[in-house]
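[1] attaching a predicted model along with its sequence, questions to come.
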Amino acid sequence: MRRVVIIGHGPAGHRLAERLGTAEDTRVTVVGARPEGPYDPGLGLAALTTELSLDLLALPEHDQRVRTVAARAVFLDRLHRVVLTEDGGRHPYDTVVLATGAHREHPDVPGAYEAGGRPAAGVWHVDSPRDCVGMRTALTPGAAVAVFGADLTAVESAHALAVHGHHVTLVHQDTRLMSGELDPGASAAVARRLREVGVEQHWGAVPVELRSGQLVLREGEPVPAEALLLCTGTRPNTELALAAGLEVGDTGVRVDERLRSSDPRVHAIGSCAATSGTGWCTLSAARRQAETLAEILTTSPERRYRHTEIVRARGDGLDLVALGPVELLAGNTAGVDHVAFNDPRRHRYARLALSGDRLLAANLVGLREAGAELSRVHEAGSPVLSNRFAPLFGIAAAGGGAVSEAVVCHCNNVSETALRTAFRQGARDVPALAAATRATTGCGSCADDVRRLCAALQRDRISEVTEDSDVPSEEDAA
Ligand SMILES: Cc1cc2nc3c(=O)[nH]c(=O)nc-3n(C[C@H](O)[C@H](O)[C@H](O)COP(=O)(O)OP(=O)(O)OC[C@H]3O[C@@H](n4cnc5c(N)ncnc54)[C@H](O)[C@@H]3O)c2cc1C
């Protein structure tokens with residue numbers, strides 16, 4: 001029996017345990033510091049604005065062959081090949097996997113934190129579903145919320161809170177939104193969409209204090225802040241790796257394409273591993289790494305991890321997809337061609353970087369189907385046919401550009417057709433559709449789409465039944 005110890009029970013550690021747990025010759029132990037167990041961070045945004053039960057956010061329990069230890073790992077003893085936990089446990093391994101994730105950086109805003117480092121009253125990080133539910137229940141209707149930061153969480157949260165009727169001001173020091181993912185054109189298109197839903201924006205602004213329900217800026221008027229949401233970057237949790245003498249860089253534990261650290265018995269996946277070069281790892285990338293590593297450790301040792309980052313923003317009317325390194329979207333990279341499309345009145349923007357017929361990077365705003373199609377192309381590494389651009393951007397209807405088999409859940413590659421089929425077969429609400437197809441169980445960005453599709457299918461079904469009550473449904477017929 002090979003003993004695999006996974007440290008960290010977030011989405012990456014959970015997916016790896018799920019995949020390894022059924023291997024006959026492997027004994028898996030997952031050590032997780034979070035007392036409430038693993039949850040799906042992708043659904044946090046939905047929990048911020050809708051009444052979502054915390055149970056729905058919990059990740060499924062493992063096969064009983066997987067041993068779970070609810071304790072913090074305090075030392076990785078590579079000499080004796082044992083993981084020590086804070087409860088005095090000793091967990092010997094043949095292979096150990098670091099999946100310790102990342103933590104939110106605390107910005108230096110006087111008044112935002114209490115002496116012990118806890119956020120002050122009315123100050124939130126939405127790093128866990130519990131935080132999101134806490135913030136949702138604390139906010140009064142129409143409350144003034146200041147969001148500090150310009151990353152994906154800041155953009156999505158500001159948009160969602162504004163759509164739900166709060167008075168939102170987005171404050172950030174940068175001159176661009178999501179500068180690690182978006183070029184200036186895409187950032188401007190997203191900013192326009194935010195303005196459209198009522199989000200005020202202060203760019204290049206430096207908060208100096210939170211005082212009496214106001215966020216005081218170095219320059220200009222203070223921003224109303226009955227609540228302050230802090231979204232100011234994350235840092236990989238690399239303390240264990242550093243103490244164990246492994247190679248660690250700014251963006252995480254250094255790994256090769258087999259996801260091995262500088263010690264071949266120690267692997268690293270998810271937000272704690274330096275796989276992307278940016279220090280930011282999406283949920284779907286974290287899960288892909290877990291799946292690849294499971295294959296490497298069991299059936300396919302020759303498998304290699306190829307990093308393809310795809311960042312998607314969620315929210316009604318906030319269709320945003322960023323693929324590949326944003327630097328390649330700048331106009332001066334040798335050997336790179338660009339295709340651009342801008343339609344500011346309809347908040348649509350696209351910029352693609354190509355090498356021949358290969359897609360290297362792209363930003364797409366307001367172009368849902370093009371985003372879905374190009375994500376698929378990027379993930380598969382397949383060629384892009386130039387005569388598809390016009391229909392993809394909705395410029396010409398002729399030529400059959402519409403994506404017939406639109407993917408709704410990109411993390412699990414679930415198409416609308418698959419969801420419709422599952423519905424017809426009896427999965428009549430979102431949890432049932434999730435259980436049948438796995439849609440929504442990845443980054444969660446498709447949860448609203450699945451909910452809408454489900455509601456539409458339910459409406460169709462009700463009208464079918466009331467219009468022709470003699471005709472049995474497929475479920476009844478079965
Ligand atoms: C605020 C926020 C918003 C995000 N929004 C999105 C989004 O919209 N879309 C998207 O794709 N991605 C998003 N992400 C990124 C996404 O959450 C990560 O990709 C994902 O959580 C990575 O999973 P992970 O398992 O690597 O790390 P984590 O989710 O961080 O899990 C790591 C786990 O390891 C545990 N741990 C740490 N140290 C130890 C130890 N010593 N012993 C035992 N356990 C330990 C932690 O308690 C944690 O439970 C967001 C991240 C944050 C912080």
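    That came in fine, so what should we check first? Computed from a predicted structure; not experimentally measured.
[2] nearest spatial neighbour of residue 423, skipping sequence neighbours?
    residue 457 (4.8 Å; CB to CB, 6 or more residues apart in numbering). (Each C-beta comes from the backbone N, C-alpha and C, glycine too.)
[3] name the helix or strand for the one you found, please.
    helix 447-467 (DSSP states H and E).
[4] list the buried ones in that helix?
    Neighbour-count burial for helix 447-467, counted by 16 or more other CB atoms under 10 Å, picks out 447, 448, 449, 450, 451, 453, 454, 457.
[5] any idea how far the residue nearest to residue 14 when sequence neighbours are not counted lies from residue 101?
    Leaving out its chain neighbours, the residue that sits closest to residue 14 by CB to CB, 6+ apart is residue 38, at 4.5 Å. Remark: distance between residue 38 and residue 101 (CB to CB, to the nearest Å) = 11 Å.
[6] any common contacting residues for those two?
    Jointly contacting residue 38 and residue 101 under the rule CB atoms under 8 Å, 6 or more residues apart in numbering are residue 10.
[7] one step back: any idea how far the residue nearest to residue 14 lies from the ligand?
    7 Å (CB to the nearest ligand atom, to the nearest Å).
[8] who touches that residue in this structure?
    9, 10, 11, 13, 14, 32, 58, 59.
[9] mind doing that once more with 7 Å?
    Applying CB atoms under 7 Å, 6 or more residues apart in numbering to residue 38 gives the contacts 9, 10, 14, 32, 59.
[10] helix or strand: which one has the third one?
    Secondary-structure element containing residue 14, defined by DSSP H and E: helix 11-20.
[11] what about that helix and the ligand, any contact?
    Yes: judged by CB under 6 Å from any ligand atom, helix 11-20 and the ligand are in contact via 11, 12, 13.
[12] just the pLDDT for the last one.
    With respect to pLDDT, residue 13 has a value of 97.
[13] how far away is the residue of the stretch 201-350 of the chain found nearest the ligand from residue 63?
    Closest residue of the stretch 201-350 of the chain to the ligand, CB to the nearest ligand atom: residue 270 (2.1 Å). Per CB to CB, residue 270 is found 21 Å from residue 63.
[14] helices along the chain, start to end?
    11-20, 44-49, 54-57, 129-138, 152-163, 184-196, 239-243, 283-297, 368-380, 389-392, 416-424, 430-437, 447-467, 474-477 (DSSP state H).
[15] counting by contacts, list what the longest one packs against.
    Under the contact criterion of 3 or more CB pairs under 7 Å, 6 or more residues apart in numbering; DSSP states H and E, helix 447-467 touches helix 416-424, helix 430-437.
[16] interface residues of this structure facing the ligand?
    Counting by CB under 6 Å from any ligand atom, the residues of the chain near the ligand are 7-13, 31-34, 41-42, 72-73, 99-102, 104, 126-127, 152-153, 234, 237, 240, 270-271, 281-284, 286, 443.
[17] hmm, try it at 5 Å
    Residues of the chain found near the ligand (CB under 5 Å from any ligand atom) are 8, 10-12, 33-34, 41, 72-73, 100-101, 127, 153, 234, 237, 270-271, 281-283, 286, 443.
[18] let me see the contact set for the residue of the stretch 201-350 of the chain closest to the ligand.
    So, once contact is read as CB under 7 Å, 6+ apart, residue 270 ends up touching 10, 12, 99, 101, 281, 286, 289.
[19] repeat that for 10 Å
    8, 10-16, 97-102, 236-237, 252, 259, 281, 283, 285-287, 289-290, 293 (CB atoms under 10 Å, 6 or more residues apart in numbering).
[20] go on, residue 409?
    284, 415-416, 418-419, 433-434, 437-447, 449-450.
[21] go on, residue 316?
    159, 160, 163, 197, 448, 449, 452.
[22] please repeat the previous calculation with a cut-off of 8 Å.
    So residue 316 contacts 163, 448 (CB under 8 Å, 6+ apart).
[23] surely residue 347 meets residue 193?
    Yes: between residue 347 and residue 193 there is a contact under CB atoms under 8 Å: 5.0 Å.
[24] intersection of neighbour lists for the two?
    In contact with both residue 347 and residue 193: 317, 365, 366, using CB under 8 Å, 6+ apart.
[25] the last one - nearest residue in space that isn't next to it in sequence?
    This points to residue 366. residue 348 (3.9 Å).
[26] wait, doesn't the one you found sit right on residue 186?
    No: Residue 348 is beyond contact range of residue 186, at 10.7 Å (criterion: CB under 8 Å).
[27] more neighbours: those two, which one.
    Neighbours were counted for residue 348 and for residue 186 using other CB atoms under 10 Å; residue 186 has more, 26 against 18.
[28] correct me if wrong: that one contacts residue 320.
    Yes: look at residue 186 against residue 320 with CB under 8 Å: they come within range, at 7.4 Å.
[29] and for the two, which residues touch both?
    364, 365.
[30] could you give the mean pLDDT of stretch 297-314?
    Here the average pLDDT along stretch 297-314 is 88.
[31] dump it to CSV, keeping only the CA atoms.
    Extracted in CSV, the C-alpha atoms of stretch 297-314 (Å, rounded to 0.1, in the frame of the first residue of the first chain):
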residue,chain,number,x,y,z
LEU,A,297,0.3,9.0,-9.1
THR,A,298,-1.9,6.1,-10.3
THR,A,299,-2.4,5.2,-13.9
SER,A,300,-0.3,7.5,-16.0
PRO,A,301,3.1,8.5,-14.5
GLU,A,302,4.0,10.0,-17.9
ARG,A,303,1.2,12.6,-17.8
ARG,A,304,2.2,16.3,-17.6
TYR,A,305,0.4,19.3,-16.4
ARG,A,306,-0.1,22.1,-19.0
HIS,A,307,-1.3,25.3,-17.5
THR,A,308,-4.1,27.0,-19.3
GLU,A,309,-5.6,29.8,-17.2
ILE,A,310,-9.2,30.8,-17.9
VAL,A,311,-10.7,33.5,-15.7
ARG,A,312,-14.4,34.1,-15.8
ALA,A,313,-16.4,36.7,-14.0
ARG,A,314,-19.9,35.9,-12.9
